[in-house]
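1. my questions concern the predicted model and sequence given below.
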Amino acid sequence: MMNRSAHISWLLDELDELVTAGVMPGETADRIREHYGTPVDGTSVSLRSVFFAVLGSLLIGGGIILLIAHNWSEFGRGSRTVLALAPLILAQMLTFWVLRQRATQTAWREGVGIGLTLMLAASLALIGQTYQVPGDLYGFLGTWMLLTLPLLYVLDSLGTAIFYLVGIVWWTLAAPDHASSALYFLFLAAAIPYLLKRRHALLDWLVAIGVVIVWIPVTSEVAEDHWVSSFALLFSSMALMPGEKQWWRAPIRGVGMVGLVGWALLVTVSGVWDDAIYEAVPWLVRLTALLIVIAQVVITIMRCRARSERCWVDLVVMVFSPLVMISWLWSQSAGLFPWPLLFTLYVAALGLTMMMDGFQRTDTTRASGGLAILTLLVLTRFIDSDLSLIVRGLAFVVVGLGFLVANHLLNRRLNRRGETS
């Protein structure tokens, strides 16, 4: 749940758009800014508390482990068991005290959350070593994360959540087979209620990056020869996720958008299609991909119809999945159909749409993003072509002039809006 500062920041960010749409006059927006002033950034305070809590907990936990390890070989099995469980019991007692007496203090919750998480790992490792319990890294990490999961809801600790999200990715990469890697999504689903309640940008970034990393071993079993298409479906699904209007403010949409642009640029290279003579795609994989594409199209169209504003960029992003689906199912015709040319036109349309949308909204970031996509497209096509240095040099000059002209026009529009308001 967002705090008061987050609500104020959101309101101040929306004022320019409300003035542009004619919902309120510029004078009213100025009065609102003067009334609220600059909101306090609660994120930096929270991150600072987490940093010191992590540092303190790591030092205390490391010191306890070193003290125990100093004479570990001289203890008997019973003594080792007591020493292995004592730090965990003490951490649990301290956690109980914090929940009763200091539940509203972030620093205390972060400290005991991280400390208890580390003591869980230490106790598991020491008990396993003492009794020679058979197992491997995959089993150890799975057990550790399973025991850490309840702490997310009990302590509401950001540091514990970071450990959990990083840990389940590590656990997935240590899986002995690709089928076991798919269990990552089960562990992630168990934490979704907490993530939706906490709504922290750092956790969203970890989820987005973690899903992309885990996607490699998960899909390599069922779509090893179709990695381009599987990642294209993933990135397009992430880019169309609901969230902030600006995809760069929503980590999942941001990672999806960057990945989609990168993948779209990749399939404009003719060399990718030279090796696109794949084996027959299993019908279950085709059906799953088709359902994902249909869901993307339906949800995007419904969301656009519900909005009172244009959403051309989302519609262009939505087209990527059907294009990939068609090229995937008929990839045997790679030598008969100019797929690189088709995706080149698509990337150009995406860049132009984003740039024009940025001009209409007077959004410098969005307009610059569209220009950046067009520039990357030009660079990609030059690398993949046999044009002379003179032609490439002239093209770079033209693209650079386009940036300068677009920046000049956008600044003029911003100045005019400032004068009218």
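-> Cool, got the structure.
2. doesn't residue 395 make contact with residue 382?
-> Yes. With contact defined as Cβ atoms under 8 Å, residue 382 counts as touching residue 395 (6.9 Å). C-beta here means a position set from N, CA and C on the backbone, and glycine is covered the same way.
3. my read: residue 227 touches residue 219, true?
-> Yes. With contacts counted by Cβ under 8 Å, residue 227 reaches residue 219, the gap being 7.0 Å.
4. neighbour count: those two, which is higher?
-> residue 219 (21 against 13; other Cβ atoms under 10 Å).
5. where does pLDDT dip in the stretch 51-200 of the chain?
-> Applying pLDDT under 70 to the stretch 51-200 of the chain flags the ranges 51-54, 57-58, 61-62, 64-65, 68-73, 179.
6. the helices in it, which residues?
-> Here the stretch 51-200 of the chain has its helices, by DSSP state H, counting those that start in this stretch, at 77-101, 106-130, 137-155, 158-173, 178-181, 184-198.
7. now do the stretch 201-350 of the chain
-> Counting by DSSP H, counting those that start in this stretch, the helices of the stretch 201-350 of the chain are 201-220, 227-239, 251-266, 270-274, 283-306, 312-329, 339-361.
8. and of those helices, who's closest to residue 80?
-> Smallest distance to residue 80 across the helices of the stretch 201-350 of the chain (Cβ to Cβ): 35.1 Å, for helix 201-220.
9. re the thing from before, export the helices of the stretch 51-200 of the chain to JSON lines and tack on distance to residue 292 and mean neighbour count?
-> Conversion of these to JSON lines gives the following (distance: least, Cβ to Cβ, whole Å; neighbours: other Cβ atoms under 10 Å):
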{"stretch": "helix 77-101", "distance to residue 292": "42", "mean neighbour count": "15"}
{"stretch": "helix 106-130", "distance to residue 292": "35", "mean neighbour count": "22"}
{"stretch": "helix 137-155", "distance to residue 292": "28", "mean neighbour count": "18"}
{"stretch": "helix 158-173", "distance to residue 292": "21", "mean neighbour count": "22"}
{"stretch": "helix 178-181", "distance to residue 292": "19", "mean neighbour count": "16"}
{"stretch": "helix 184-198", "distance to residue 292": "14", "mean neighbour count": "15"}
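10. dump the ones you listed to JSON lines, plus distance to residue 322.
-> Putting those into JSON lines (distance: least, Cβ to Cβ, whole Å) gives the following:
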{"stretch": "helix 77-101", "distance to residue 322": "51"}
{"stretch": "helix 106-130", "distance to residue 322": "44"}
{"stretch": "helix 137-155", "distance to residue 322": "37"}
{"stretch": "helix 158-173", "distance to residue 322": "30"}
{"stretch": "helix 178-181", "distance to residue 322": "28"}
{"stretch": "helix 184-198", "distance to residue 322": "25"}
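11. measure residue 66 to residue 91 for me?
-> Distance, residue 66 to residue 91, using Cβ to Cβ, to the nearest Å: 17 Å.
12. try residue 207
-> When distance is defined by Cβ to Cβ, residue 207 is 27 Å away from residue 91.
13. now swap in residue 360 and tell me
-> Going from residue 360 to residue 91 by Cβ to Cβ gives 56 Å.
14. repeat for residue 205
-> In terms of Cβ to Cβ, residue 205 sits 28 Å off from residue 91.
15. compare the helices of the stretch 51-200 of the chain and give me the one nearest residue 401.
-> For residue 401, the closest of the helices of the stretch 51-200 of the chain is helix 158-173, at 44.1 Å, according to Cβ to Cβ.
16. tell me what that closest one is packed against?
-> Applying 3 or more Cβ pairs under 8 Å, 6 or more residues apart in numbering; DSSP states H and E, we find helix 158-173 packed against helix 42-70, helix 106-130, helix 137-155, helix 184-198, helix 201-220.
17. right, and residue 377 touches residue 265 too?
-> Yes. Look at residue 377 against residue 265 with Cβ under 8 Å: they come within range, at 6.5 Å.
18. now for the two: what residues contact both?
-> residue 347 (Cβ atoms under 8 Å, 6 or more residues apart in numbering).
19. who's more crowded, those two?
-> Neighbour totals were compared for residue 377 and residue 265, and residue 377 leads with 23 against 18 (other Cβ under 10 Å).
20. now do the contacts for the nearest residue to the more buried one once chain neighbours are set aside.
-> Excluding the flanking residues, the one nearest residue 377 by Cβ to Cβ, 6 or more residues apart in numbering is residue 347, at 4.8 Å. Contact partners of residue 347, counting by Cβ under 8 Å, 6+ apart, are 261, 264, 265, 268, 373, 377.
21. what's the burial count for residue 396?
-> 14.
22. and the pLDDT at it?
-> pLDDT recorded at residue 396 is 71.
23. what values do phi and psi take at it?
-> With angles defined as degrees, to the nearest 10, residue 396 sits at phi -60, psi -40.
24. which residues sit in contact with the nearest residue to it once chain neighbours are set aside?
-> Leaving out its chain neighbours, the residue that sits closest to residue 396 by Cβ to Cβ, 6+ apart is residue 378, at 7.8 Å. Contacts here follow Cβ under 8 Å, 6+ apart; on that basis residue 378 touches 395, 396, 399.
25. can you list those in a markdown table and add distance to residue 367?
-> Shown next, in a markdown table, are the contacts of residue 378 (distance: Cβ to Cβ, whole Å):
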| residue | distance to residue 367 |
| --- | --- |
| 395 | 21 |
| 396 | 20 |
| 399 | 15 |
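26. do you know how far the closest residue to residue 149 other than its chain neighbours is from residue 255?
-> Among residues not flanking residue 149 along the chain, residue 190 sits closest, at 5.8 Å (Cβ to Cβ, 6+ apart). To residue 255, residue 190 is 22 Å away according to Cβ to Cβ.
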